[in-house]
Structure formats: C-alpha cells, structure tokens
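K.L.:
I would like to see how this sequence folds:
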Amino acid sequence: MSDDVRGAYEELVHAFSTAVGIWTRYVEAEMSAGNTEAVKQVFGRCLLQCPSVDLWFMYLKFIKRTNEIRGAEGILETKQAYEFTLDTIGQDIHSGPLWQEYISFLSAPKPGTPAYQALWSTGMVGGQEESTKTTALRRTYQRAIVVPTHSLELIWKNYETFENTTAAATSSTGGSAATAKTFSTRVLSEQRPRFQAARMAYRERKRKMEGIDTAALPVPPGKGGPAQLDQLKLWKAFLEYERSNPQRLEPASLTKRVELAYMQALMCLLHFPEVWYDYARWHADAGEGVASATSTLLRAVAALPSCLLLHFALADLEEAQGNSEAAKQVYENLVKQLEPPPEALQQQQQPNGAAPQPAGGPIADLPSDQHALVWIQYMRFARRDSVTASRRMFIRAKKSPRCPWQVYVASALMEWRHARLPDVARKIFEKGLEVAEFATTPEFILAYSDFLCDLGDVDNTRALFERVLTEDANRKSSMLWERYLAFEFEMGDLQSALRLEKRAREALGESGSAGAGAARNMQLLLLRYQFIDSWPCTPEQKQYLAYLLNKGPAPPGFEKQKRSGRGDSESGTDREGRADRDRHKEEGDRDH
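P.N.:
Numbers count the residues shown, from 1 in each chain. This next block holds a predicted model:
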C-alpha cells in the first residue's frame, strides 16, 4: 500500500477515531498488501475502542492465518485470541457466529492430531484429553446460551445434541448408560431456565436495537444531520435497558454486558459528554467501581479535550477519593495551557521582550469565559485546602495573559462569603477597575454593584455607578443605565430616579420626544415597577412586552404577521424600538 493511501487512512482515523467502517477498510488494505506488522499495529490501535463483531472477526481471521504454520504454539495462541474476543465482544447480539466458530474450533481436531494434542494434552495428565475437551466445550456452550444473540436457538439445539451425544459416547466406552443419561438430563434441565431467560431478553433486546446505526460516524452534536438526535435517543434507551438487568445476571456478567453497550454507543456518540459521564457514574455506582470510573473519565477527556465539564468531573472524582495530588494535576494540565511557557517568561525579562503569550492547546482556544472557569474551579479547589491557597491561585491567575474579569469577581466573593472580609473583597474589585478592559465591562461593574448592595452600602453603590458612567463607552451602555435606574427606583426617592431616567435618555440618544423608541420607553417604565420576574401586567401582556423588549418569543399570531410583511408597515417608532433592541444586543455581544 502506498504512503499516500496510508496517509489518507491516517487522516480519516484521526478525524473519526471510533468509526469502525474506516478501521475495517484500513485493516483490509494492509492485509491485502501483506503488511503483517502494519496490520498488528492497526489492530492494536482500534480493537479495544471499536467493539464491533465484524472488526473482531477480521482480527480472528488474521490470527488464524498467521498461526497456521506455527504448530502447537500457534494453536494455543489462536485459542487465546478466541477467548479474548469473546470476553470483549461475546455479549453482542450479533456475536452468535463467534460462539459457534469457537465451539467448532474446539471440537474439530481429531484425537492423535497435533492440534488435538496442543489443545487438550498441553499441561494435562495423560489420558484425560477427552474429559478435558468435554468440560471445555460444556463450559463454552453454557456461556453462549445466556447471551441474547440472533443465533441463540441454534446454539441451544447444538448444546442439547452435544450433551446427548456425550452421554451416548460415555455408555459406548464402558460407562453406565443410565448414569450418563441421567447426568445429561440433569445438566440440560439446570441450563434450560437460563436459556429461556436469554430467549425472552433477546426479543426485547432486538426490539431496542432496531433502528440503531452502529456504523454511524462519530461527529459532534448537531453535525450528524436530522437522524443524529434519533440515534442519540435510541442509544440512551438501549443503555437504560441493559442497565436494568432484565436477565437478572450475576454482577460480573452484567458488568460485561453494560460495559459493552456503553463502548458500542461511544463508537457513534464519542462527542457527547453526557454519555461519557453517564458511563463513569454507572461504574462508580454499580459497575467496576471508582477506579474504572476514573479510567473512563480519563478516556473521556482524551476524546473531548476541550470539554471542561469532563475535566472538572474527573478532578472532583479524584478529590472525593482523597487523591488531592491527582486532582491538582488535572487543574495544572488545564492552566498550563493558559500560562506562558517558561522560555517565554525568560524572553520577557530581556530588553524589548514581547508580552508573553499562553502556551496554547485545546483549552487556550476556548472563549475567555471558559478560561475564567478553569481558574475559578482551581481557586475553589485550593480554597478547600485553605483560603491562603486560593489567594495564591488568584495571584497566579492575575499574572496569566488576558486574565478574565470573572476571576476577580470570584476571588472577591470568596473573600466575602468564606472569609467574611468585605474590605479585602472591595480591594479586589477596585483592582479590577484599574484594568482598562474591566472598567468598561458592564458585567464586571454590575457584579461589583451587587456586592455593594449585599453589604447594604447604598452610598458607595451609587458612587460606583456615577464613577463608571463618566467613561464614554459606559455612557452608551443601556445595561448599566437600566441597573442604575432599577437601583435608584428601589433605594432612592422618586424625583431623583426620574432625573436619572432623563439622564439615561439623553446619554442613550433619546430625548423623550414623540420619536423615542417605544420599546425603550416601556423598558424604562418596567424598571420602576417590576420585581424579580413579576411584571405589572397580565400574562398575555407580559408575553407581548417580553417580545417587544426582545426577551421572549413572539405571541401566537405575530410570527405569521411578520412573514406576511409586517416590516413594510412598521411605524417609525416601532422601527426605532427594534433598532434599540438590536443595538442593545450588539452591546451585550461586545461586552462579552
């Protein structure tokens, strides 16, 4: 196979790391080219993360072909490959042919042949080969008949034949025919309820899997077309069914069954964090324990390195188990992407050194509010050790390039809520205002005003608004004016609030004349009287006003009017109101 073809396959498996169809074709191409070592490497990369019967059949085919000329050693290695395959994929509804093939592999060699000797004489006492073979086949059949597969009925019939034939063979070699027949009947009677339970489960399992496309490409949510959501619902229903243990399996068998279901779901739902987290939670609550849950989350963050939700869940799980160092390492791996590398800091110390840039990585490519979450969660983790540790983390965050404003707010609120140090919190907010970007960020200013209100510091709250509204950028922020007005209507007198309202209109370019935006007028009026989510109007009026203020969907009938050309008949006042809403939205986007 040419390097170009191999390179194309590598690009595909990099983009779709659990796409079993791509891996299968990649293996086929290497096998056709006779690249034995390359085939081994590809199998080593894909088998465990792609529990597909088709792919594992190819693996067995490869193992058998490469071991044909190796004699007894090759026979034993092939047997191990079968056992490994069935331990991994043997609970699949399509795995019936795998069980049948393994049974044929065990029963086919004739006494006296090298294959027979390799299977049943190696490490055994001489003369016990046939007994060993019978025991191994019986054990394999009994494992197979409890798996709800498409081949379940045929496997059961073959098992009945096996037990009856074994009984007949025992009597023909000098054993008691009655004893052999009694034993055979008793064994089948013991196994029949297990088979019947599997047969009942098969019907429901088959129904649950109808419509599931196990070959669907693993793409992010929203990128898989209209069918993606349907597939997600089908997989979640199937996972819930498997967890319910309809066969009442023993814990070890149930764990294998559910684990396989999750792994197969993740072949298609690799980019869905809730599936990964659900898998980890199942392990922690009912599966193989916290260690397996941790392992699952480690794989999850490797598959979705930019999903902070999974990183934080991993850190919490480690911390909850007392593994503080492991939890700390999770956070360190995140913040190191936001800090300059050591060599960049050394260059900064040189004359004319450029400002250091973050080291980079999946987290560094996220929006700034995500960077803030990384630092804030690390600060919270440090606070659980001591307030001093969280302060050190805040200082470290401040030194990182482009430290977000949310970090300052979080640190200040920690000082107020946990250490009960309002003066320290106030100093942190004031330090934030010294950053030019934060001084014109309405969200930061409003967080500061909320803190002052919590303290009951009315005078300094009013002083804060007056101070920040001297900035040109802030004077045009409807967000700040609206909050200041709401504060004044609640805490000040009516005349002062009305004077402030006039200032707001002037600053926002609205004189109160007939041409003022109707939406803005109503917004300012509502600020006087609303309380939390209670508006002074009927539910129908509230729905309309929310739509007018761009805070809710259109009332019934309005969308139809809009499609029929409402824009052409809008009055000048209505157009201004709509323009106000658009400008308000743009300001919010800019502030973010």
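
K.L.:
who are the contact partners of residue 396?
P.N.:
residue 335 (CB atoms under 8 Å, 6 or more residues apart in numbering). To be clear about C-beta, it is placed using only N, CA and C from the backbone, and glycine gets the same treatment.

K.L.:
quick one, longest helix in this structure?
P.N.:
helix 177-209 (DSSP state H).

K.L.:
so for the helix or strand following that helix, mean pLDDT?
P.N.:
Following helix 177-209 in sequence order, the next helix or strand is helix 227-243 (DSSP states H and E). The average pLDDT within helix 227-243 is 96.

K.L.:
sorry, back to before: ok and the longest helix of the chain relative to helix 227-243, angle-wise?
P.N.:
Helix 177-209 runs at 150 degrees relative to helix 227-243, counting by axes from the mean of the first three to the mean of the last three CA atoms, to 10 degrees.

K.L.:
same question for helix 177-209: list its buried residues.
P.N.:
Neighbour counts over helix 177-209 (16 or more other CB atoms under 10 Å) mark 180-181, 183-184, 187-188, 191, 195, 197-198, 201-202, 205, 208-209 as buried.

K.L.:
and the strand or helix carrying residue 163, what's buried?
P.N.:
Following DSSP H and E, one finds residue 163 within helix 152-172. By neighbour count on 16+ other CB under 10 Å, the buried set for helix 152-172 is 152, 155, 156, 158, 159, 160, 162, 163, 166, 167, 170.

K.L.:
to the chain's geometric centre, what's the distance from the host helix or strand of residue 446?
P.N.:
Residue 446 belongs to helix 442-455 when elements are defined using DSSP H and E. Its chain's C-alpha centre and that of helix 442-455 lie 34 Å apart, by CA atoms, centre = their mean, to the nearest Å.

K.L.:
what's in contact with whichever helix or strand comes after it?
P.N.:
Counting by DSSP H and E, the element after helix 442-455 in chain order, helix or strand, is helix 458-468. The list of residues contacting helix 458-468 from outside it, by CB under 8 Å, 6+ apart, reads 433, 439, 445, 448-449, 452-453, 474, 480, 483-484, 487-488, 491-492.

K.L.:
give me the mean pLDDT for the helix or strand just after helix 458-468.
P.N.:
Counting by DSSP H and E, the next helix or strand C-terminal to helix 458-468 is helix 472-475. On average, the pLDDT along helix 472-475 is 92.

K.L.:
can you pull the buried residues of helix 472-475?
P.N.:
For helix 472-475, the neighbour count (16+ other CB under 10 Å) marks 473, 474, 475 as buried.

K.L.:
pretty sure the first one is touching residue 440, no?
P.N.:
Yes: under the contact definition of CB atoms under 8 Å, residue 473 touches residue 440, with a separation of 4.2 Å.

K.L.:
now do the shared contacts for those two.
P.N.:
By CB under 8 Å, 6+ apart, no residue touches both residue 473 and residue 440.

K.L.:
quick one: which of the buried residues of helix 152-172 is nearest residue 422?
P.N.:
Distance to residue 422 across the buried residues of helix 152-172 (CB to CB) is lowest for residue 152, with 70.1 Å.

K.L.:
isn't the closest one up against residue 195?
P.N.:
Yes: between residue 152 and residue 195 there is a contact at 7.5 Å, judged by CB under 8 Å.

K.L.:
what's the overlap in contacts for these two?
P.N.:
By the contact definition CB under 8 Å, 6+ apart, residue 152 and residue 195 are jointly contacted by residue 145.

K.L.:
could you report the neighbour count for residue 341?
P.N.:
14 (other CB atoms under 10 Å).

K.L.:
residues contacting it?
P.N.:
The contact partners of residue 341, taken as CB under 8 Å, 6+ apart, are residue 359.

K.L.:
do that again at 10 Å, thanks
P.N.:
347, 356, 357, 358, 359, 360 (CB atoms under 10 Å, 6 or more residues apart in numbering).

K.L.:
list buried members of those residues by neighbour count.
P.N.:
Neighbour-count burial (16+ other CB under 10 Å) applied to the contacts of residue 341 gives 356, 358, 359.
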